[in-house]
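Asker: missing the sequence, but the structure's below:
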Ligand SMILES: [Zn+2]
């Protein structure tokens, strides 16, 4: 029997969408050929809140195209329906002005965001290789940098990783205006790297060490 993309349990749950379906606009033209992977019930139904949170954060990334507005509307509607989510998704919210534009600064719940990104990368890795990876590395995302202005060590590691990155692969994805991904040349080696890009915005870089990469 197939096992779950995340663990050794039998894949008895419904197939898991990677990325989660909620990230795509509702129109069918932007939901072509969605990727699904076998999943146990825990790693499918158990993570809808981290999916929603990850959707909220990636929709806020810089450089996105105009399609993001349609999807952001669904986030705002869910805030109206469930107002208790607002302080959960936007803790320590305060108005700021950046380059003359009024915007807001919020604290990022990094562990929750990382959980969402981790299951997505593991799902994509399984889709591509039928192997399972353990995600142990870092997530580099332009949005974080402002918040980490005081952390010179983190910024230096970001620059180093991007400078040394071996970008060898073109982006893949059946709905390129919504979501694209690329596993770069070290993926099957010791250090793996992948890029995720939502709504043509700033890419998110993820690195990890392969440990028991093909353990099943
Ligand atoms: Zn599982």
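Answerer: Cool, the structure landed. The shown structure was predicted, so the numbers you read here are calculated from the model rather than taken from an experiment. Numbers count the residues shown, from 1 in each chain.
Asker: wait, a strand at residue 192?
Answerer: Yes - secondary structure of residue 192 (DSSP: H, G, I helix; E, B strand; the rest coil): part of a strand.
Asker: just the local confidence number for it, please.
Answerer: pLDDT for residue 192: 74.
Asker: neighbours of it, how many?
Answerer: 23 (other C-beta atoms under 10 Å). All C-beta atoms are positioned from the backbone trio N, CA, C, and that covers glycine.
Asker: so it touches residue 208, yeah?
Answerer: Yes - the criterion here is C-beta atoms under 8 Å, and residue 192 meets it with residue 208 at 5.3 Å.
Asker: who touches both of those two?
Answerer: 133, 137 (C-beta atoms under 8 Å, 6 or more residues apart in numbering).
Asker: residue 184: neighbour count?
Answerer: Count around residue 184 with other C-beta under 10 Å applied: 17.
Asker: and after the helix or strand residue 153 falls within, which helix or strand comes next?
Answerer: Secondary structure from DSSP states H and E places residue 153 in helix 152-164. Downstream of helix 152-164, the first helix or strand assigned by DSSP H and E is strand 179-183.
Asker: name the surrounding residues that touch that next one.
Answerer: Contacts for strand 179-183 (C-beta under 8 Å, 6+ apart): 19, 23-24, 124-125, 128, 167, 169-173, 192-200.
Asker: check which helix or strand covers the residue nearest the centre of the chain.
Answerer: Nearest to the geometric centre of the chain sits residue 117, at 3.8 Å (C-alpha atoms, centre = their mean). Element membership for residue 117, per DSSP H and E: helix 110-129.
Asker: try residue 56
Answerer: helix 48-59.
Asker: show me what from the chain comes close to the ion.
Answerer: 4, 6, 7, 9, 40, 43 (C-beta under 5 Å from the ion).
Asker: please repeat the previous calculation with a cut-off of 6 Å.
Answerer: Residues of the chain lying close to the ion by C-beta under 6 Å from the ion are 4, 6, 7, 9, 40, 42, 43.
Asker: tell me the confidence at the second one?
Answerer: You'll see residue 6 listed with a pLDDT of 89.
Asker: ok, the fifth one next?
Answerer: Per-residue confidence (pLDDT) for residue 40: 92.
Asker: start the count at 53, not 1, going forward
Answerer: Happy to do that; since the first residue is 53 now, the last one works out to residue 92.
Asker: for it, which three-state class applies?
Answerer: Using three-state DSSP as the criterion, the local structure at residue 92 reads coil.
Asker: can you tell me how far it is from residue 161?
Answerer: 25 Å (C-beta to C-beta, to the nearest Å).
Asker: the two: which is more packed in?
Answerer: The neighbour comparison of residue 92 against residue 161 (other C-beta under 10 Å) goes to residue 92, with 20 against 15.
Asker: now for this structure, the helix or strand with the poorest mean pLDDT.
Answerer: Least confident helix or strand of the chain, by mean pLDDT, DSSP states H and E, is helix 194-199 with a mean of 57.
Asker: for the nearest residue in space to residue 175 that is not next to it in sequence, grab phi and psi.
Answerer: Nearest non-adjacent residue to residue 175, counting by C-beta to C-beta, 6 or more residues apart in numbering: residue 70, 3.4 Å away. With angles defined as degrees, to the nearest 10, residue 70 sits at phi -130, psi 120.
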